[in-house]
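Visitor: sequence unknown, structure follows:
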C-alpha cells in the first residue's frame, strides 16, 4: 500500500495494533523510516482531536506527516527502536538505575505538558517509545479521541484499565494528576515486574483502583517507594506534581547507610500503612472524604519530614535530650534551649473559610517552636507554623512553613517573635487583602521531601544559638519578604 500525504509513503508490515488503530512500517521515497498509524473515523470524534501542539515539549514522539486514507485518518511518526512494553518483555523488571532513568524521561515530558495544561490520559508502556536514546511519550490524541467515540460507562476508551486513576472510574475530569497516577502504576511495574492491580475483569479493576491497596514495593529503595506510593494516592490533589516527581527522581540516592537507611525503611512502612488507610477512606468523592484523604496524606508527609529532621539533629547532637510527642511530634533539648515539633491537627474548614472565604485551603497545621529562658526584654524565642495547604497552586497540597507578626494596629509586644498561628479567622485575615491585626512574617516556603537541607540547617543554627545563650530577637520584621509567596 502507498499513501500520498505531504510525502509519499510505502507502507509495509504491521508493527502492532490497539483498540484505536493499527501501526505499520513505512518508508518515504528518500528512504526515511517511519511508523504509520491508521485511526478509524468514528462518530463523535473529529480529526482535530488527534493533534495537540507540542512544540518545545521534551521527550514526546512527534507527528511528522498526516492525512486521510479511505475511512481512516493517518498519522506518521518517526520509527522508534521499541516500546517500553517490548523492553519489559525482553528484560522483565528493571534495575534501580534504569528504572529511574525511564521514569525521569517520562516525568520530564509530563512536567512540560503540565505547563501547557495538556493531559495525556493514556500513559502506559505501549505508549512510551525509545527514540533517540530517550524514552518518549506517544499517542497524545488517541485517548481524547477514544473518549469521544466510546460510551462513558464502558471504560474501554484507551484500553488501559490497569493504569486508570480513581477519578476516571468516578467519571471526574482527568487532570495532570491522572497522568501522575498512571506514572505510579508504571513505576511499580518497572521495579516489581508486575502491576499493582491485576484485574482481570473491568469491575475488578474498578474496585481495585477505587478501594484496593497495592502489594508492598519490595525492590525499590525507601525514598523511591515513598514517591511511588504518593503517586498512587486515591485523592488526585494529594499526588505530587510532575515537576516535583522529576526533582525527587533526580535526587534519590542509590543507597543510604546506617541510621538513615533504617529510618527510611521504617518510614516507608508507615507510608504504606497510611496509604492503605487513605485508600480505604476514598470510596466517596464527598468533601468530607476528600479532606479526610488529604489529612491522611498530610500525616504521611509529616511523618517523613519529622523523622528526617530529628535524625539530622540527633546525628550531630547525640547527647541532646529527646522526648517523643503525640502524632509524630518530638522535643529536642540542649542546655536551656528547647526545640519542639508538635503533631499536626486537622483544620476545621468552617473556622478557616467563614465568615469570609479564604484565599486558599488548609487541611492540617502544626507548630515548630524554639524556646529559651526569657531575656531582660521578655523575649522567649520564636515559633513558626507548618500548614498542609494548596497555598501556591490551587488543588496542589503540600506542607508549607510560615510565621506571623503583629502590626501597628496591635502594638502589644509578645514573648515570641515571629510566632505561630493556627488556621482561623485572624490568620485568614493575615493572608487576605486589607489591613489585619496580624501579618505574614515569613514567606510560605514549601517543605519538599528529599530537599529539606535548608530548612533543617536553618533551624539547627537557631537551636545552636539558643543552646549557647545567643539567640536574639530579630532586628527587623519580617526577616524575609513574604510578598507573593501565597496566592490571594
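Guide: Okay, I see it. Fair warning: this is a prediction, and the values are worked out from it, not measured in the lab.

Visitor: drop to CA atoms for contacts and neighbour counts, all remaining ones
Guide: Fine.

Visitor: I figured residue 422 hits residue 365, correct?
Guide: Yes. Counting by CA atoms under 8 Å, residue 422 touches residue 365, with 6.5 Å between them.

Visitor: where does the prediction get shaky in the stretch 1-150 of the chain?
Guide: For the stretch 1-150 of the chain, applying pLDDT under 70 flags the ranges 16-20, 44-45, 47-49, 143, 145-150.

Visitor: show me where it has strands.
Guide: For the stretch 1-150 of the chain, the strands defined by DSSP state E, counting those that start in this stretch occupy 2-4, 8-18, 21-28, 33-40, 65-69, 72-78, 82-83, 128-131, 134-137.

Visitor: direction included, what does the third one pair up with?
Guide: Taking DSSP bridges as the criterion, strand 21-28 pairs within the sheet with strand 8-18 (antiparallel), strand 33-40 (antiparallel).

Visitor: buried set for it?
Guide: Going by neighbour count (16 or more other CA atoms under 10 Å), the buried part of strand 21-28 is 21, 23, 24, 25, 26, 27, 28.

Visitor: now do the SS call for residue 227.
Guide: Look at residue 227: counting by DSSP: H, G, I helix; E, B strand; the rest coil, its state is helix.

Visitor: could I get the contacting residues of residue 240?
Guide: Going by CA atoms under 8 Å, 6 or more residues apart in numbering, residue 240 touches 177, 180, 230, 231, 396.

Visitor: one more time with 7 Å
Guide: Residues in contact with residue 240 (CA atoms under 7 Å, 6 or more residues apart in numbering) are 230, 231.

Visitor: doesn't it lie inside a strand?
Guide: No. Assessed with three-state DSSP, residue 240 is coil; it does not lie in a strand.

Visitor: about what we covered before: how about CSV for the strands of the stretch 1-150 of the chain, with distance to residue 463 added?
Guide: Formatted as CSV, the strands of the stretch 1-150 of the chain follow (distance: least, CA to CA, whole Å):
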stretch, distance to residue 463
strand 2-4, 72
strand 8-18, 60
strand 21-28, 63
strand 33-40, 62
strand 65-69, 63
strand 72-78, 58
strand 82-83, 53
strand 128-131, 49
strand 134-137, 46
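
Visitor: name the SS class of residue 338, please.
Guide: Taking three-state DSSP, the label given to residue 338 is strand.

Visitor: just give me the neighbour total for it.
Guide: Per other CA atoms under 10 Å, the neighbour tally for residue 338 reads 21.

Visitor: thought residue 368 was touching it, still the case?
Guide: No. With contacts counted by CA atoms under 7 Å, residue 338 stays clear of residue 368, the gap being 10.6 Å.

Visitor: what touches both of these two?
Guide: By CA under 7 Å, 6+ apart, residue 338 and residue 368 have no common neighbours.

Visitor: would you say residue 378 is within a helix?
Guide: No. Going by three-state DSSP, the assignment for residue 378 is coil, not a helix.

Visitor: helices along the stretch 51-200 of the chain, start to end?
Guide: 84-91, 96-116, 140-149, 166-169, 176-192 (DSSP state H, counting those that start in this stretch).

Visitor: point out the most buried one among those.
Guide: Per-stretch averages of neighbours, counted by mean count of other CA atoms under 10 Å, single out helix 176-192 among the helices of the stretch 51-200 of the chain, with a mean of 25.

Visitor: any idea how far that helix is from the chain center?
Guide: Between the centre of helix 176-192 and the centre of its chain there are 11 Å (CA atoms, centre = their mean, to the nearest Å).

Visitor: who touches that helix?
Guide: By CA under 7 Å, 6+ apart, the residues outside helix 176-192 that reach it are 93-95, 99, 103, 114, 119-121, 123-124, 163-165, 195-196, 217, 219-220, 228, 231-232, 236, 239, 242.
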